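K.L.:
Okay, structure incoming, though there's no sequence with it:
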């Protein structure tokens with residue numbers, strides 16, 4: 001049985017969605033309530049925080065990259081829990097111009113599809129009754145999206161809260177909570193968003209603090225009572241073909257990210273993960289039939305990677321006879337060299353001729369579709385993959401054969417094609433700058 005759910009969203013990024021989401025997850029877990037978290041959109045930082053707060057793996061739901069059956073299959077992970085909480089991305093209605101697999105990527109698509117009412121987090125700083133006009137507009141924007149109520153954030157004083165509540169009462173919108181200004185509760189940020197959960201040494205303390213903060217200022221019973229949903233029974237999960245049956249998977253602070261639904265799908269298909277740490281100078285397990293280097297922050301650890309001779313020589317030996325694939329940070333680590341933000345060049349593994357630089361920063365952001373010219377582990381040549389790219393690296397050289405035709409969400413060609421290089425012993429090195437989400441027809 002699938003429980004009722006809510007989607008935590010806002011008019012814009014930076015409004016306080018993550019603070020409310022983590023506070024609710026941690027508070028409900030402390031009460032013994034099993035909550036299944038989800039993240040709308042391709043964000044890969046937030047789900048790890050959700051998992052730390054809830055004790056359950058959090059999965060991405062994305063209407064541009066995923067069809068309805070895949071989304072429903074992932075929501076099936078909530079079977080046996082008591083409540084679903086999904087965190088939106090950007091603003092509630094923000095998405096791309098051209099729809100994809102089942103929508104345009106907006107969090108509102110997920111709320112409408114699943115019948116989850118929206119809890120709207122409103123930054124109340126700099127306004128009072130006028131905040132109600134914003135809430136009213138969000139309540140009326142899409143008839144298929146229901147507003148459960150609002151949580152006010154960054155409230156300056158009891159008088160300020162009273163004025164806003166008066167405005168909300170005039171337009172018939174429920175106020176579920178009011179969070180006072182509290183700078184120290186906010187998470188530290190990095191150029192790609194929040195610092196990774198694994199890098200937060202005091203994360204348990206932060207979660208206890210934010211749980212107490214939310215419990216004191218949000219009507220949690222009223223919020224739970226507002227939950228709803230249209231999915232009753234767990235549908236079968238969409239099939240995910242693993243890249244191999246024994247996967248050497250790089251996992252540390254430099255290579256932290258693969259979408260959780262892919263890892264779950266690989267395991268469900270019987271694959272075994274053989275984790276290793278390049279930062280600890282570990283080589284991929286020689287019993288593996290494929291090596292996968294996820295994205296992360298190799299630029300922050302470039303000196304250690306350059307000095308990791310056992311990792312580099314082990315990877316070079318592995319690729320001679322078996323496939324190695326890298327995504328974003330993993331792709332850059334497979335290249336010949338990486339220039340850090342200070343302009344220092346560091347030797348990388350050399351499986352591909354790719355040279356990248358963070359000394360000449362340029363943001364690359366958005367959905368991607370890849371029409372593969374050559375196969376990658378788990379996907380044949382001519383397969384169509386959907387994913388997302390977000391990094392600040394500049395390509396200095398990408399001399400190997402292009403891996404795919406890459407287009408953005410508007411079907412405009414993207415010059416970062418990825419790379420493929422075949423080795424005489426039968427191995428192959430492939431890499432892309434985007435993180436794969438799903439194969440599409």
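P.N.:
Here it is on my side, so go on. The structure displayed is predicted, hence computed values, not measured ones. Numbering: from 1, shown residues only.

K.L.:
Tell me who's in contact with residue 407.
P.N.:
Residue 407 makes contacts with 368-369, 371, 413-414, as judged by CB atoms under 8 Å, 6 or more residues apart in numbering. Backbone N, C-alpha and C define where each C-beta goes, glycine included.

K.L.:
Could you pull up phi and psi at it?
P.N.:
Dihedral angles of residue 407 (phi, psi; degrees, to the nearest 10) stand at phi -130, psi 160.

K.L.:
Name whatever forms a beta bridge with it.
P.N.:
Beta-bridge pairing of residue 407, defined through DSSP bridges, involves residue 369, residue 413.

K.L.:
Let's see the pLDDT reported for the closest residue to residue 348 other than its chain neighbours.
P.N.:
Nearest residue to residue 348, sequence neighbours excluded (CB to CB, 6 or more residues apart in numbering): residue 335, at 4.9 Å. Looking at residue 335, its pLDDT stands at 98.

K.L.:
wait, doesn't residue 335 sit right on residue 347?
P.N.:
No: between residue 335 and residue 347 there is no contact under CB atoms under 8 Å: 9.8 Å.

K.L.:
These two: which has the busier surroundings?
P.N.:
residue 335 (27 against 15; other CB atoms under 10 Å).

K.L.:
host element of the more buried one?
P.N.:
For residue 335, there is no helix or strand it lies in under DSSP states H and E.

K.L.:
Looking at the contacts of residue 407, which is nearest residue 85?
P.N.:
Using CB to CB, residue 368 comes nearest to residue 85 of those, at 28.4 Å.

K.L.:
pLDDT weak spots in the stretch 201-350 of the chain?
P.N.:
Applying pLDDT under 70 to the stretch 201-350 of the chain picks out residues 201.

K.L.:
And the strands in it?
P.N.:
246-250, 272-276, 290-293, 323-327, 337-339, 345-347 (DSSP state E, counting those that start in this stretch).

K.L.:
how far away is residue 256 from residue 71?
P.N.:
From residue 256 over to residue 71 the distance is 24 Å, taken as CB to CB, to the nearest Å.

K.L.:
Name the residue in the two with the higher neighbour count.
P.N.:
Using other CB under 10 Å as the criterion, residue 256 and residue 71 rank with residue 71 on top: 28 against 20.

K.L.:
Across the sheet, point out what pairs with the residue lying closest to that one once chain neighbours are set aside.
P.N.:
Sequence neighbours aside, residue 61 is the residue nearest to residue 71 in space, at 5.2 Å (criterion: CB to CB, 6+ apart). Beta-bridge pairing for residue 61 (DSSP bridges): residue 40.

K.L.:
Just to be sure, residue 26 is in a helix?
P.N.:
Yes: checked against DSSP: H, G, I helix; E, B strand; the rest coil, residue 26 lies within a helix.

K.L.:
In contact with it, which residues?
P.N.:
By CB under 8 Å, 6+ apart, the neighbours of residue 26 are 53-54, 207-208, 210-211.

K.L.:
And the furthest pair within those?
P.N.:
Pairwise distances across those (CB to CB) peak at 14.0 Å, for the pair 54 and 208.

K.L.:
More neighbours: which of these two?
P.N.:
residue 54 (24 against 14).

K.L.:
Quick check: nearest residue in space to the more buried one, chain neighbours excluded?
P.N.:
Nearest to residue 54 is residue 25, by CB to CB, 6+ apart, at 4.3 Å.

K.L.:
so how many other residues sit close to that neighbour?
P.N.:
Residue 25 has 30 nearby residues by other CB under 10 Å.

K.L.:
ok, now residue 411?
P.N.:
Neighbours of residue 411 using other CB under 10 Å come to 8.

K.L.:
Residue 332 too?
P.N.:
31.

K.L.:
Repeat that for residue 327.
P.N.:
Neighbour tally, residue 327, other CB under 10 Å: 27.

K.L.:
Tell me where the stretch 51-200 of the chain has strands.
P.N.:
Assigned by DSSP E, counting those that start in this stretch, the strands in the stretch 51-200 of the chain fall at 59-61, 83-87, 118-123, 147-155, 175-180, 189-190, 193-194.

K.L.:
Switch those over to TSV; also include mean pLDDT and distance to residue 274.
P.N.:
Shown next, in TSV, are those (pLDDT from 0 to 100; distance: least, CB to CB, whole Å):
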stretch	mean pLDDT	distance to residue 274
strand 59-61	98	23
strand 83-87	98	31
strand 118-123	98	41
strand 147-155	98	43
strand 175-180	98	44
strand 189-190	44	29
strand 193-194	46	28
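
K.L.:
To residue 403, which of these lies closest?
P.N.:
Comparing those by CB to CB, strand 59-61 comes nearest, at 23.2 Å.

K.L.:
all helices for the protein, in order.
P.N.:
17-30, 46-54, 68-75, 107-114, 130-141, 158-171, 203-217, 220-225, 260-268, 302-307, 309-319, 329-333 (DSSP state H).

K.L.:
Check the offset of the last one from the chain's centre.
P.N.:
What it means is helix 329-333. In terms of CA atoms, centre = their mean, to the nearest Å, the gap separating the centre of helix 329-333 from the centre of its chain is 18 Å.
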